[in-house]
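S.K.: Would you be able to build a 3D model of this:
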Amino acid sequence: MEALEWIVPFPHKAAIGRSHVDLTRCRIQGAQAATTAVTALRAALAPAPGPLVVEVRIDAGAELPPEGYALTAGETGVVIAGADPAGAFYGAQTLLALVAAPCDEHRACVPESDIRDWPDLPLRGTIEGFYGTPWTHAERMEHLRFSARHKLNAYVYAPKDDPFHRERWREPYPEAELARLGELVAEAAAQHVRFVFALSPGLSMVYSDPAERAALRAKAEQVWDVGVREFALLFDDIPPELRHLPDREAFGTEEGASARAHAAVCRDLADRFLAPRGAARPLTMVPTDYAGTGRTAYRDRLSAELPQDVLVWWTGSDVVVGEITAYDMTAAAAAYGHRVALWDNFPVNDFDFSRVFLGPLVGRATELDGVPLEGITANPMVEAAASRLALTTVADYAWHLAAYDPARSHERAVRLLPGAAELLPLVEACSSWPPGDDQSPALTALCAAALEGEPTERLRAELTRLAGLPTDVPGPFAEELAPWVSAAKDMAAAALAALDLLTETAAAPAGSRAAEVERALERAEAHEANVLRRVIPPFVRAVLDRPVTSSFATSSPRGPGRSR
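M.R.: Residues are numbered from 1 along each chain as shown. Sure, this is the predicted structure:
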């Protein structure tokens, strides 16, 4: 397999030779500014004294965009030249990805290589912004390391069910929680991931009250003291109009007046907290009116009063979408009067915890020249490890837009994520997007064909794969997906039982067989986890609704009966 297939995201320019550079014994050295890259290489390669040198440099004159790098590997050694420290770090990640590619000859080696690479989007990251059980501290730490491997450069801390983020935003974090935030900030810095701390005060804040604004600044100061340097204010999922009398008196009661209040709070935090501390990055905000592309009264007021350097998050033409075009992005930026970043509600599942979304990012525009889009932050699922499959493809998209191919990216992601290949039938069954689409067009077509009397070998083969999913795959990916594995096995078993009934392969009388199919379907539908619930039960019921004849295989087929 070509070594480039192990690099995600896929590089812009790369030439790979046939010979290999043995890194079993090598020295790793680099400039002081490239310490994080050198540290990552030494930790992974366990260098030993030898003639070959892996050198990491910072070369601001290399004519590379920010975060870009050049990597050359040959018989004289390996050189990584980064446009900046982040670029050097990403060059090291690419080298480690090449080392991970299988080789029968060496314990650690890379092919002869000449790679020149850089990101297309400045902002490439994730936002833990879902409703439901927040990720654990360990999951967040591992997510930061995952982000580094795939060149995602931002993580936004915004779990809706962290009470100190939303419900109790005024209250300082308890000491233990604050210490954990500090650990996340430190780990993010080591992995070249921007740690963005978000607060969501809109449920209760009196925007015009100086004491409330002071409380917001005090909360920001608490996390500033443990290293947070980038902030966001979220005004999503709150009533659209002002509820407190002082705010209505201060900002008015006309439609969209809440935008004036939100802009004022953003301006206060930027002017009175970020600016005096010399914060390097401006504030980011989520408006209440965060989906859609047209002008509204809220957006008109926000455009006029929000500081121009504030970045606006936006979710697309709707909250959860299948397609986002370049026109959508351009129109949204015009409507807000600000540069926008895409808060992509993918692969989030907080609107339906019974489902997991394990497929690739699809439907996102790749021709973005001149489009005022800062980047993408994907909102993952409650299941942190399972989210990595989809997030790997998000990283692939954001880094190299023109090369992004969802199917190919998904194949690479499955190969790289431990446990995904072993559970591939489940991954395929849970890969549809957007959520309202057919859960499996391929299986739906095979089921329909079977009901029409066409050959059933392919359908039986696919169902047998699903029924045979292993239950002993190690690792967090498989552990999180255990309920869906169990549901998939029972769903496939019900479909196979129905298929037997349809083709009259069972030896028992038809009435007895039908009762067995009913019981199998009942077991399948008892699971809370949703695997093919809109595909298999309608098929099984259609089989059960067929008239009993001496031969199901030759009876006139009827359409689905009690499907739901």
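
S.K.: I'd like the distance from stretch 221-229 to the chain centre, please.
M.R.: When C-alpha coordinates are averaged (CA atoms, centre = their mean, to the nearest Å), stretch 221-229 and its chain have centres 26 Å apart.

S.K.: Contacts made by it with the rest, please.
M.R.: Contacts made with stretch 221-229 from outside it, assessed by CB atoms under 8 Å, 6 or more residues apart in numbering, are listed as 172-173, 178-179, 181-182, 185-186, 189, 195, 197, 220, 273, 277, 279-281. To be clear about C-beta, it is placed using only N, CA and C from the backbone, and glycine gets the same treatment.

S.K.: Likewise for stretch 298-305?
M.R.: Applying CB under 8 Å, 6+ apart, the set of residues contacting stretch 298-305 from outside is 240, 255-260, 262-264, 267, 287-289, 312, 335-338.

S.K.: In helices, which of the contacts of stretch 221-229 appear?
M.R.: 178-179, 181-182, 185-186, 189, 220 (DSSP state H).

S.K.: on that earlier part again, filter the contacts of stretch 298-305 down to just the ones in helices.
M.R.: Within those, membership in helices is found for 258-260, 262-264, 267, 335-336, as judged by DSSP H.

S.K.: Scan the chain for its longest helix.
M.R.: Within the chain, and with DSSP H defining each element, the longest helix by residue count is helix 482-503.

S.K.: packing partners for that one?
M.R.: helix 424-429, helix 441-451, helix 457-467, helix 510-525, helix 536-544 (3 or more CB pairs under 8 Å, 6 or more residues apart in numbering; DSSP states H and E).

S.K.: mean pLDDT lowest for which of these?
M.R.: Confidence, taken as mean pLDDT, is least for helix 510-525 of the helices and strands packed on helix 482-503 (a mean of 90).

S.K.: List the buried residues in that one.
M.R.: By neighbour count with 16 or more other CB atoms under 10 Å, helix 510-525 contains the buried residues 513-514, 516-518, 520-521, 524-525.

S.K.: My understanding was that Leu358 contacts Leu424; is that so?
M.R.: No. If you go by CB atoms under 8 Å, Leu358 and Leu424 don't touch, sitting 9.8 Å apart.

S.K.: more neighbours, those two?
M.R.: Regarding Leu358 and Leu424, a neighbour count based on other CB atoms under 10 Å identifies Leu358 as having more, with 31 against 13.

S.K.: among the buried residues of helix 510-525, which two are most distant?
M.R.: Maximum pairwise distance among these (CB to CB): 18.8 Å, between Arg513 and Glu525.

S.K.: list the contacts for Thr366?
M.R.: By CB under 8 Å, 6+ apart, the contact set of Thr366 is 397, 401-402, 404.

S.K.: three-state assignment of it?
M.R.: coil (DSSP: H, G, I helix; E, B strand; the rest coil).

S.K.: Could you number the chain from 78 rather than 1 from now on?
M.R.: Okay, using 78 as the starting number, the last item reads as Thr443.

S.K.: What are the phi and psi values at it?
M.R.: Phi and psi for Thr443, reported as degrees, to the nearest 10, are phi -110, psi -10.

S.K.: again, but for the one 3 residues further on
M.R.: In terms of degrees, to the nearest 10, the main-chain angles of Asp446 are phi -60, psi 120.

S.K.: and what of the one 5 residues further on?
M.R.: The main-chain torsion angles of Glu451 are listed as degrees, to the nearest 10 and equal phi -70, psi -30.

S.K.: swap in Met362?
M.R.: Met362 has phi and psi values of phi -140, psi 150 when expressed as degrees, to the nearest 10.

S.K.: just Thr112 next, same as before
M.R.: As for Thr112, its main-chain torsions (degrees, to the nearest 10) stand at phi -60, psi -40.

S.K.: Could you do Gly151 as well?
M.R.: Recorded main-chain torsions at Gly151 are phi -150, psi -170, according to degrees, to the nearest 10.

S.K.: ok, it - contacts?
M.R.: Going by CB under 8 Å, 6+ apart, Gly151 touches 98, 189.

S.K.: in the sheet, who's paired with it?
M.R.: Gly154 (DSSP bridges).

S.K.: For the stretch 78-227 of the chain, which segments are assigned as helices?
M.R.: Taking DSSP state H, counting those that start in this stretch as the test, the helices found in the stretch 78-227 of the chain are 112-122, 162-177, 214-226.

S.K.: winner for burial among those?
M.R.: Mean neighbour counts were taken over these using mean count of other CB atoms under 10 Å, and the top value, a mean of 24, falls to helix 162-177.

S.K.: relative to helix 214-226, how tilted is that one?
M.R.: Interaxial angle, helix 162-177 versus helix 214-226 (axes from the mean of the first three to the mean of the last three CA atoms, to 10 degrees): 90 degrees.

S.K.: for helix 162-177, what is the average pLDDT?
M.R.: Across helix 162-177, the average pLDDT comes to 96.

S.K.: Taking their axis directions, it and helix 112-122 sit at what angle?
M.R.: Following the same axes, to 10 degrees, one obtains 10 degrees for the angle between helix 162-177 and helix 112-122.

S.K.: For helix 162-177, name the packing helices and strands.
M.R.: With contacts defined as 3+ CB pairs under 8 Å, 6+ apart, helix 162-177 has these neighbours: helix 112-122, strand 129-135, strand 146-151, strand 154-159, strand 186-194, helix 214-226.

S.K.: Tell me where this structure is predicted with low confidence.
M.R.: Low-confidence segments of the chain, defined by pLDDT under 70, span residues 78, 582-588, 625-641.

S.K.: element containing the residue positioned nearest the centre of the chain, please.
M.R.: Among the residues of the chain, the one closest to the centroid is Leu468, at 3.3 Å (CA atoms, centre = their mean). Secondary structure assignment for Leu468, by DSSP states H and E: helix 461-476.

S.K.: quick one: buried residues of that helix?
M.R.: In terms of neighbour count (16+ other CB under 10 Å), helix 461-476 has its buried residues at 461-476.

S.K.: And the residues you listed, which is closest to Thr101?
M.R.: In terms of CB to CB, no member of these lies closer to Thr101 than Thr469, at 28.5 Å.

S.K.: Just confirm the closest one contacts Glu488, I think it does.
M.R.: No. Judged on CB under 8 Å, Thr469 makes no contact with Glu488 at a distance of 10.7 Å.

S.K.: distance of Leu118 from Leu261?
M.R.: Distance check for Leu118 against Leu261: by CB to CB, to the nearest Å, it reads 23 Å.

S.K.: ugh, typo on my part, it should be Asn230
M.R.: When CB to CB is the yardstick, Asn230 and Leu261 sit 15 Å from each other.

S.K.: Same check on Arg95?
M.R.: Arg95 sits 43 Å away from Leu261, taking CB to CB as the criterion.

S.K.: picking that back up, the helix holding Leu468 - contacts with which helices or strands?
M.R.: Helix 461-476 makes packing contacts with strand 200-205, helix 214-226, strand 450-455, helix 483-493, helix 553-557 when contacts are defined by 3+ CB pairs under 8 Å, 6+ apart.

S.K.: Distance to Ala158 for those - can I get that in JSON lines?
M.R.: What follows is those, written out as JSON lines (distance: least, CB to CB, whole Å):
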{"stretch": "strand 200-205", "distance to Ala158": "21"}
{"stretch": "helix 214-226", "distance to Ala158": "19"}
{"stretch": "strand 450-455", "distance to Ala158": "24"}
{"stretch": "helix 483-493", "distance to Ala158": "25"}
{"stretch": "helix 553-557", "distance to Ala158": "35"}
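
S.K.: for these, which one sits closest to Ala177?
M.R.: Relative to Ala177, the nearest member of the helices and strands packed on helix 461-476 by CB to CB is helix 483-493, separated by 8.3 Å.

S.K.: Give me the contacts around the closest one.
M.R.: Taking contacts as CB under 8 Å, 6+ apart, the residues outside helix 483-493 that touch it are 82-83, 85, 87, 436-439, 465-467, 469-470, 473-474, 497-498, 501, 504, 508.
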